[in-house]
Every structure is written in structure tokens, then in C-alpha cells.
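Novice: 3D, please:
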Amino acid sequence: MNLLVDIEKKFLGFNYKVAFTADENTLGLLGSSGSGKSMTLRCIAGLEKPDRGRIVLNGRVLFDSEKRINLTCQKRKVGFLFQNYALFPNMTVAENIGFALNNISKDRLREKVAEKISMIQLEGLENRYPYQLSGGQQQRVALARALAIEPEVLLLDEPFSALDNHLRNHLEKQLIKTLSDYNGISIFVSHNMEEVYRVCKRLVILSEGKVEAEGEKEEIFNNPHTRTAARLTGCKNISLLKIVDDYEIEAIEWGCRLNMSTKCNKELKYVGIREDHIDCAESFYEENVFRGWVVDTLISPQKITLYISFKEPLINSISYDIQLEMRKEKWDKIKDNYAYKNGYFMLPVKLNKERLILMEK
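Specialist: Presented below is the predicted three-dimensional model:
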């Protein structure tokens, strides 16, 4: 199974140029709003026509600008789960699922619809209309409708965006199971990095209509090569760097020098570290440990974010260099061990060299 996408499209003030491949491992498209994620799905489905390029699905050409090939949506064998589900309000659950099943007998139609209703666990709701269903039930009907045509590729556009967190977590598990049983190519679009990480095995990061990174999710999250990829995968601490020598850099915006575990590439431009990879050291005499002042905090039910300044802050200052995240229970246990001066905690902040992310652009 293979999908090749290599397309371009020009908009007013925006050039879209995307190329990637997908296989049987669920592929995630991650990017902020306006990055080109939904446009990519619409081009694959035939709802938008690129200006140039090719789309090839399992050796079958869906679009080729040079050969003037542009198959209709109906001929592409593509299932599409839209962000708003796009169920027909005047059709029942069964009618929505069976809508695209043409040229089959009534008995076979009933059989396939019943099969999909069982798959999404909505037995007994076959005759209900969309307005009689919860958001989660509507999503499952839309997924069953997309799968009913036995598509070669399944496109999922922000399928959890309209759901509350509890329902989202439940349906996410269901979707992962459904995709593991699906014998085809699946592409999952989201702006939520944690969601993409849980659902997908491979990842394409889009930014301003371009591919910023492509590969295995672990590699992209652990070692993003660009500042944009690092930010989109959740790295909040990024600084310009200057190379001091082969194994030492200066983090210009943090105002500190860092020892490195590997020889520095002269092309490096930025250094980053994720907020949950920063720790409080036992002393100030360890490697890459700096005096950090807690200038602000942000508390959520399970964790606390500490905003740290490496320069002794002025009174009532909220200017910070990095942010550190830990569980509330840990902070409550250790905070009294640190100095408290002029209204600020002062901590030995450790930037472990094994956790530093180095980027060339």
C-alpha cells in the first residue's frame, strides 16, 4: 500500500507545495491553522484541484497535471471524515452510512450497513436522525460512512475537535482500534501534538504550505531539526546559539553557556529543551546547572509550570528565560528546600546536555 502526494497550488499571498508518501502505518499531518493540512486532504479526495503535480494511490493515478488526469471523487476510492462530520440531517443513521453504497442489491446494502453499525457499537440507533445523537455518536456514524465504501485511503480531518476531553479520550481509543483493523492507508489531521503522537506512527509537519519535517514520530519529537518543527511538537524553550568551541555553546537568549555531549556542527542556529526535561539539581556544582529565579507560576490540576529567570529579577518582575514543568506533588515536596529572596524562589536549574535539542534553522 502506498500513497504518493507531490502537489502545488497558488493562492493570493500563499504558495502551497507539499510532497510526502504514506503507507499502511497511520500518517499524521500536524500543523497550526492555515498550514495546509485540510487542503492536503481535499486535494487527495478530489475536492480541490492542485495547479501542478501528481497524486498516486497504490499505483493508480488520481491526479497528474502533465497528463491531464483528474479522477472524480467517486472514482478515487477515498473515505473522508470531515471535521463537522457532514451527516445528512434528513437521513437516519442507516441511511447516512449506506448513502454512497451504489450498485449493490438491497440485501447486500442492509448487510453492509448492519456490519458498520455493529463496528461502531450503535445497535438500536439505526433509525435515529443526527440531531438525536450525541457528538460522539455522530462522529462514529461519519466514520462508519467513510469506511462503508471500503476505501483504499481514509482521511480524517480533526475528528475530535468538537468533543469534550472525556469523550475525546474514549473515542480516540476506539479510533486507534479501528485504524489497526483497517486494511488501507489512513491520514490523520490535527493541530494537537499529543493526539497525533498517540494515534499515528509516522508524521508530516506542515508550516505555511510546506513540509517542515517527515518521518517516524519518535525521531521527529526527540530530534526536530528546525525551530518550527520543535515548536509544533511542543518545545517551548528555544534560544539562538553561538558556538564557543567543539563541545560548548552559548544560549544567547538564556544568557548561559552549555556543555555538549557531541561535537557541535557549525551550521547549528538554535538550541532548545522541553519544559518537562528540565530538572532541579541537588547542588549548583553539577554540569549545566544555573541559578534560576521563579518569577511566575501557572498551576493546573496535576502539574505546575515554573517561569524561570537566569538573572536575579527586579521586584515584581515577570520577565523569564525558560519554563519548567513538573507535577504539583513534587513541587510541594521540594520547594521549601530552596532559597527564598525578595519574594522569589532561587533554584539550581539543570539543563541536561543529553536532553538539549539542536537545530540548524
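Novice: going forward, measure contacts and count neighbours with C-alpha atoms only.
Specialist: Noted.
Novice: so what's residue 8 up against?
Specialist: By C-alpha atoms under 8 Å, 6 or more residues apart in numbering, the residues touching residue 8 are 15, 16, 17, 18, 50, 51, 52, 53.
Novice: that one: helix or strand, and which one exactly?
Specialist: strand 3-11 (DSSP states H and E).
Novice: send me that strand as CSV with only the CA atoms.
Specialist: C-alpha atoms of strand 3-11 as CSV (Å, rounded to 0.1, in the frame of the first residue of the first chain):
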residue,chain,number,x,y,z
LEU,A,3,0.2,6.9,-1.5
LEU,A,4,2.4,9.5,-3.3
VAL,A,5,1.5,13.1,-2.9
ASP,A,6,3.5,15.8,-4.7
ILE,A,7,1.4,18.8,-5.5
GLU,A,8,1.5,22.6,-5.7
LYS,A,9,-1.3,25.2,-5.6
LYS,A,10,-1.0,29.0,-5.6
PHE,A,11,-3.3,31.3,-3.6
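Novice: and residue 254, helix, strand or coil?
Specialist: coil (DSSP: H, G, I helix; E, B strand; the rest coil).
Novice: who touches it in this structure?
Specialist: Contact analysis of residue 254 by C-alpha under 8 Å, 6+ apart lists 239, 310, 321, 322.
Novice: how near is it to residue 238?
Specialist: Separation of residue 254 from residue 238 (C-alpha to C-alpha, to the nearest Å): 9 Å.
Novice: try residue 137
Specialist: 41 Å.
Novice: which one's more surrounded, the two?
Specialist: residue 238 (23 against 18; other C-alpha atoms under 10 Å).
Novice: next, the buried residues of the one helix or strand that one maps to.
Specialist: Here residue 238, judged by DSSP H and E, is contained in strand 237-245. Neighbour-count burial for strand 237-245, counted by 16 or more other C-alpha atoms under 10 Å, picks out 237, 238, 239, 240, 241, 242, 243.
Novice: same deal with stretch 20-36?
Specialist: Of the residues in stretch 20-36, 21-31, 35-36 count as buried by neighbour count, 16+ other C-alpha under 10 Å.
Novice: what's the domain layout of this structure?
Specialist: For the chain, automatic domain parsing gives the domain ranges 3-231, 237-359.
Novice: now the shortest one: mean pLDDT?
Specialist: Model confidence over domain 237-359, given as mean pLDDT, is 91.
Novice: and for the first one?
Specialist: Taken as a whole, domain 3-231 has an average pLDDT of 92.
Novice: that one: end-to-end distance?
Specialist: One end of domain 3-231 sits 28 Å from the other (C-alpha to C-alpha).
Novice: now do the helices in the protein.
Specialist: 37-45, 93-98, 106-119, 135-148, 165-181, 193-199, 217-222, 227-232, 328-334 (DSSP state H).
Novice: need those helices in CSV (columns: distance to residue 80).
Specialist: Output for the helices of the chain, formatted as CSV (distance: least, C-alpha to C-alpha, whole Å):
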stretch, distance to residue 80
helix 37-45, 7
helix 93-98, 13
helix 106-119, 15
helix 135-148, 6
helix 165-181, 14
helix 193-199, 17
helix 217-222, 23
helix 227-232, 25
helix 328-334, 42
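Novice: so which of those helices comes closest to residue 259?
Specialist: helix 217-222 (19.1 Å; C-alpha to C-alpha).
Novice: counting contacts, what elements does the closest one pack onto?
Specialist: Identification of packing neighbours for helix 217-222 by 3 or more C-alpha pairs under 8 Å, 6 or more residues apart in numbering; DSSP states H and E yields strand 202-207.
Novice: neighbouring strands for the strand it packs on, and are they parallel or not?
Specialist: strand 27-30 (parallel), strand 210-216 (antiparallel) (DSSP bridges).
Novice: need the ones you listed in TSV (columns: distance to residue 166).
Specialist: Shown next, in TSV, are the strands paired with strand 202-207 (distance: least, C-alpha to C-alpha, whole Å):
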stretch	distance to residue 166
strand 27-30	22
strand 210-216	28
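Novice: OK, contacts around residue 179?
Specialist: By C-alpha under 8 Å, 6+ apart, the neighbours of residue 179 are 26, 186.
Novice: actually residue 14, not the one I typed
Specialist: Contacts of residue 14 by C-alpha under 8 Å, 6+ apart are 208, 209.
Novice: run through the bridge partners of it.
Specialist: Applying DSSP bridges, one finds that residue 14 bridges with residue 11.
Novice: and what of residue 271?
Specialist: Note on residue 271: beta-bridge partners residue 239, residue 358, judged by DSSP bridges.
Novice: same question for residue 305.
Specialist: Applying DSSP bridges, one finds that residue 305 bridges with residue 298, residue 325.
Novice: can I assume it is in contact with residue 279?
Specialist: No. At 11.9 Å, residue 305 and residue 279 do not qualify as touching, with contact defined as C-alpha atoms under 8 Å.
Novice: give me the common contacts of those two.
Specialist: residue 324.
Novice: how close does the residue lying closest to residue 354 once chain neighbours are set aside get to residue 288?
Specialist: Leaving aside its chain neighbours, residue 354 sits nearest to residue 261 (6.7 Å; criterion: C-alpha to C-alpha, 6 or more residues apart in numbering). Separation of residue 261 from residue 288 (C-alpha to C-alpha): 11 Å.
Novice: the more surrounded of those two?
Specialist: residue 288 (18 against 14).
Novice: touching, the more buried one and residue 350? I think so.
Specialist: Yes. Counting by C-alpha under 8 Å, residue 288 sits close enough to residue 350 to count as a contact (5.8 Å).
Novice: center of this protein - which residue?
Specialist: Centroid check for the chain by C-alpha atoms, centre = their mean gives residue 193 as the closest residue, at 3.3 Å.
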